[in-house]
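Trainee: Need a 3D model of the following:
(one chain, ligands or ions: 1)
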Amino acid sequence: MSENFVVTATAPVNIATIKYWGKKDEKLIIPVNDSISATLSSDYMCAKTTIAISPNFEKDQIWLNGIEESIENPRLLNCIRNIKNKAKIGTDKLKWKIHICSENNFPTAAGLASSSAGYACLVYALSHIYNVKENISDIARQGSGSACRSIYGGFVQWYTGIKNDGSDSIALQLAPASHWPEMRVIILVVNDKQKKTSSTIGMQRTVETSKLLHYRVKYCVQGHIDKMIQAIKNKNFDLFAEITMRDSNQFHAVCLDTYPPAIYMNDTSHAIASFVHEYNAAANSYKVAYTFDAGPNACLFTLEKNVPALLYTITKVFPTSGSVKDYITGIPINIEN
Ligand code: 2P0
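Mentor: From the prediction side, this is the model:
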């Protein structure tokens with residue numbers, strides 16, 4: 001692997017069922033609470049990154065979705081530096097300039113977890129170029145917090161950790177996708193425009209202004225984490241669905257408690273949430289659960305047996321919504337050469 005000076009990797013997004021929102025260390029990206037997510041199959045929603053190093057390149061350069069961007073991005077430079085510090089290639093090659101070309105096959109920064117896939121992919125590709133074999137989730141975390149969870153497939157927990165240097169703030173797999181192969185995700189794309197308040201700015205403002213966040217972190221999240229682990233372990237969809245929706249609702253309540261408020265859900269998002277509750281009530285059981293990230297788009301978790309009837313009803317109730325059906329994956333990151 002150390003002789004590969006061009007590498008292409010793909011990495012999928014992950015969808016949090018227990019949300020990360022707020023940092024206790026902005027620079028190291030250490031979260032205020034643990035979070036749990038499911039990594040999707042890389043077929044539909046993924047980032048693809050090609051990295052090359054060469055003695056013939058004159059300068060470091062990066063292109064995102066075909067457009068050249070400044071390489072002077074502190075998080076990006078941090079990831080490159082951290083990987084190079086662990087590199088197992090000749091020192092001459094460490095001096096070669098780097099070209100990075102990254103693209104998403106889904107809307108960037110529309111609250112569809114694009115940064116999670118982007119930085120997971122970047123750090124993974126870098127680790128192959130520079131021949132780094134160690135755990136890289138703590139490096140991916142320093143690119144974008146949620147990226148550390150996309151390093152693994154299936155159901156993943158990102159631990160806050162207790163060390164000040166963030167070295168134990170890492171992601172680990174709770175269960176592989178094969179543990180619960182019936183689980184499905186349906187994404188309802190409500191709006192694919194770039195969101196007004198980035199997650200980074202939004203959560204910073206929340207930490208500074210929301211008392212509700214402190215209540216959430218002190219009294220609620222650990223309970224959600226414990227129940228979510230139990231739900232995944234026992235394949236208990238009722239519990240999984242209830243906790244997923246409760247945590248999403250609390251996260252958006254915290255966003256609303258932020259001052260000025262960070263508003264991510266719109267009228268259609270709320271209509272989808274109401275629809276889910278009505279759909280479950282009519283069935284007298286949990287058939288589906290919603291979760292919303294920092295944007296209006298809905299991620300619905302359901303079981304394979306429920307997908308046909310659910311999709312049929314969704315297309316009747318929300319005729320213009322674009323939807324993507326996806327799976328929880330066991331192979332989070334692919335390397336192409
Ligand atoms: C999550 N989100 O757990 C939550 C839920 C959005 C809502 O992780 O500042 O893009 O780069 O660490 O990772 C979005 O946060 O923020 C996010 P940074 P990131 O998936």
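Trainee: Roughly how far does Pro181 sit from Thr39?
Mentor: Pro181 is 14 Å from Thr39, where distance means CB to CB, to the nearest Å. For the C-beta atoms, the positions are set from N, CA and C on the backbone; glycine is no exception.
Trainee: Contacts made by the helix or strand containing Cys255 with the rest, please.
Mentor: Take DSSP states H and E as the rule and Cys255 turns out to sit in helix 237-257. Helix 237-257 has contacts (CB atoms under 8 Å, 6 or more residues apart in numbering) with 17-19, 21, 202, 206, 209-213, 216, 220-221, 224, 227-228, 230-232, 261-265, 273, 276, 280, 285-286, 288-292, 294, 301, 303.
Trainee: near the ligand, which of those residues show up?
Mentor: Applying CB under 6 Å from any ligand atom, the subset of these adjacent to the ligand comprises Lys19, Trp21, Ala294.
Trainee: Now do the SS call for the last one.
Mentor: I take that to be Ala294. Secondary structure, DSSP: H, G, I helix; E, B strand; the rest coil: Ala294 is coil.
Trainee: doesn't Thr200 make contact with it?
Mentor: No: Ala294 is beyond contact range of Thr200, at 9.7 Å (criterion: CB atoms under 8 Å).
Trainee: higher neighbour count, the two?
Mentor: Ala294 (25 against 16; other CB atoms under 10 Å).
Trainee: show me the residues around the nearest residue to Asn33 once chain neighbours are set aside that make contact.
Mentor: Leaving aside its chain neighbours, Asn33 sits nearest to Val221 (4.3 Å; criterion: CB to CB, 6 or more residues apart in numbering). Residues in contact with Val221 (CB under 8 Å, 6+ apart) are Ile18, Asn33, Asp34, Asp247.
Trainee: In terms of helices and strands, where is Val221?
Mentor: helix 221-233.
Trainee: tell me the angle of that helix relative to helix 237-257?
Mentor: Interaxial angle, helix 221-233 versus helix 237-257 (axes from the mean of the first three to the mean of the last three CA atoms, to 10 degrees): 150 degrees.
Trainee: Quick one: name the residues of this protein near the ligand.
Mentor: Residues of the chain lying close to the ligand by CB under 6 Å from any ligand atom are 16, 19-21, 29, 35, 113, 115-116, 144-146, 199-200, 293-294.
Trainee: Repeat the analysis, applying 8 Å as the threshold.
Mentor: Residues of the chain lying close to the ligand (CB under 8 Å from any ligand atom) are 14-16, 18-21, 23, 29, 31, 35, 37, 75, 111, 113, 115-116, 119, 141, 143-147, 149, 158, 198-200, 203, 251, 264, 293-294.
Trainee: so of those residues, which ones are in strands?
Mentor: Secondary structure from DSSP state E places Asn14, Ile15, Ala16, Ile18, Lys23, Pro31, Ser35, Ser37, Trp158 of the residues of the chain next to the ligand in strands.
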